[in-house]
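A.B. asks: generate coordinates for the sequence data below:
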Amino acid sequence: MTLDRAVMMFAGCMVLLSVVLTLYVSPWFFLFTIFIGLNQIQASITGFCPAALVFRKLGCRTGVAFK
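C.D. replies: Prediction:
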């Protein structure tokens, strides 16, 4: 799995998790969804993604977006 796909899969899982937590635990978990969205926007503008750093250290090979 490439770094790009790992980051996209992680972001998708976090969004789904935040929706489930919002529905079943507390409506305040919508803030988690907002944080994820803002982090994706920030990563697309700056090219810096904290999740990409973690996945790179875990051994994912570099893809196209995060070099």
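A.B. asks: just the endpoints, please. Distance across stretch 25-32?
C.D. replies: From its first residue to its last, stretch 25-32 covers 13 Å (CA to CA, to the nearest Å).
A.B. asks: tell me which residues in that stretch are buried?
C.D. replies: Across stretch 25-32, burial judged by 16 or more other CB atoms under 10 Å covers Phe29, Phe32. Bear in mind the C-beta positions are built from the backbone N, C-alpha and C, glycine included.
A.B. asks: give me the mean pLDDT for that stretch.
C.D. replies: Average pLDDT, stretch 25-32: 96.
A.B. asks: do the same with stretch 40-50
C.D. replies: According to the model, stretch 40-50 has a mean pLDDT of 92.
A.B. asks: next one: that stretch to chain centre, how far?
C.D. replies: Chain-centre distance of stretch 40-50: 10 Å, with CA atoms, centre = their mean, to the nearest Å.
A.B. asks: how about residues contacting it?
C.D. replies: By CB atoms under 8 Å, 6 or more residues apart in numbering, the residues outside stretch 40-50 that reach it are Val7, Ala11, Asn39, Ala52, Phe66.
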